[in-house]
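**Q** test case, fold it:
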Amino acid sequence: MFERFSSGYYLGELYVEPHDGERAVIRRADHEHVNEQLYADGEGVERLDAPLVMKVDGGHIPVGGDDDVPSGTLAIPRGLADETLPDRRNVLLADADRAETLLRWEGWEPFVNA
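**A** The predicted structure follows:
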């Protein structure tokens, strides 16, 4: 779904659409898979529900999982959506270190073992 793009990001293409929720979401199974593949360090119990951090159109957003979202789709709150959506877009996914830094700025402790 995502390939290494730079020292801090992975690049992927997702169908981005607006939705009525309060947070950005992708399919829960995709969220857990990406969390496990890119964020887990393989030591101990990992949190697979920690937000991913994606960069869409210049802004970073935390992304959760939701069973009602189709695979390969990023649903973002209508307040963040622009008039070009829905559309396929390149999306940057912050790697574990960058995501942790960005989330900690917002007060989230994403990588504390459950």
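**Q** when you work out contacts or count neighbours from here on, use the C-alpha atoms and nothing else.
**A** Fine.
**Q** can you pull the phi/psi pair for residue 86?
**A** phi -80, psi 150 (degrees, to the nearest 10).
**Q** with adjacent residues omitted, what lies nearest to it?
**A** residue 17 (4.3 Å; Cα to Cα, 6 or more residues apart in numbering).
**Q** avg pLDDT for the strand or helix carrying the one you found?
**A** Taking DSSP states H and E as the criterion, the element that holds residue 17 is strand 9-19. Mean per-residue pLDDT for strand 9-19: 96.
**Q** other SSEs contacting that strand?
**A** In terms of contacts (3 or more Cα pairs under 8 Å, 6 or more residues apart in numbering; DSSP states H and E), strand 9-19 is packed against strand 3-4, strand 73-77, strand 87-94.
**Q** just the pLDDT for residue 46.
**A** So, for residue 46, pLDDT stands at 62.
**Q** swap that for residue 56, please
**A** pLDDT, residue 56: 88.
**Q** run a quick neighbour tally on it.
**A** Residue crowding around residue 56 was assessed by other Cα atoms under 10 Å; the count is 18.
**Q** pretty sure it is touching residue 92, no?
**A** Yes: the pair residue 56 / residue 92 is scored as a contact, 6.8 Å apart, by Cα atoms under 8 Å.
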